[in-house]
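Chemist: sequence first, predicted model second:
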Amino acid sequence: MRAIFRGVTGPQPILTMIWRCFSMLLTVWSITGCDRAPLLPATVATPVSLHFEISGMTCDGCAAMIESKVAQLPGVTGCDASFETGRLTVQAIDMTVEDAILRSVVDLDFEIKAAQPADGIPNKDVTSALWPT
């Protein structure tokens, strides 16, 4: 502590001491890495299960083709297309992949719309998602 107060003379000794303490604090702060932004915990996305109704599937090969295309999308962790029920169920890391799923199925020349979930949120039609009116 004596090093901080050594040589403090003149009309403003208090301000000089405050400045030296502040300078030392800044030095310690930058040496320890406190001047960098703290590491914040990454936000954890809640996995979701998305359900779609697909029309135009005529065989199990169509379902396999859709599964193959959708499974390659980033954020998709699993998918299951059923020719018998005309439904596609996709497990994803979050809801942000929904538009990519819609686009990829439309690119395969199938019609797709979001199925009515249990919570009652209305369907999202592919035409309104891709070509707003």
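Modeler: On my side now, so go ahead.
Chemist: just the mean pLDDT for stretch 82-100, thanks.
Modeler: Mean pLDDT, stretch 82-100: 88.
Chemist: ok, now stretch 65-78?
Modeler: 92.
Chemist: can you start the count at 506 instead of 1 from here on
Modeler: Happy to do that; since the first residue is 506 now, the last one works out to stretch 570-583.
Chemist: quick one: residues in contact with it.
Modeler: 552, 559, 562, 584-586, 593, 595-599, 601-602, 605-606, 609-610, 612-613, 615 (C-beta atoms under 8 Å, 6 or more residues apart in numbering). Any C-beta I mention is one placed from the backbone N, CA and C, and that applies to glycine too.
Chemist: and the buried ones among those, selectable in ChimeraX?
Modeler: A single ChimeraX command selects the buried members of those (16 or more other C-beta atoms under 10 Å):
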select :559,562,584,586,593,595,597,602,606,609,610,613,615
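Chemist: so which of the contacts of stretch 570-583 belong to strands?
Modeler: Ile559, Cys584, Asp585, Ala586, Leu593, Val595, Gln596, Ala597 (DSSP state E).
Chemist: the third one against Ile559, yeah?
Modeler: No. Judged on C-beta atoms under 8 Å, Asp585 makes no contact with Ile559 at a distance of 11.8 Å.
Chemist: can you pull the residues that touch both of these two?
Modeler: The contact sets of Asp585 and Ile559 overlap at Leu593 (C-beta under 8 Å, 6+ apart).
Chemist: stretch 574-594: end-to-end distance?
Modeler: Counting by C-alpha to C-alpha, to the nearest Å, you get 13 Å between the two ends of stretch 574-594.
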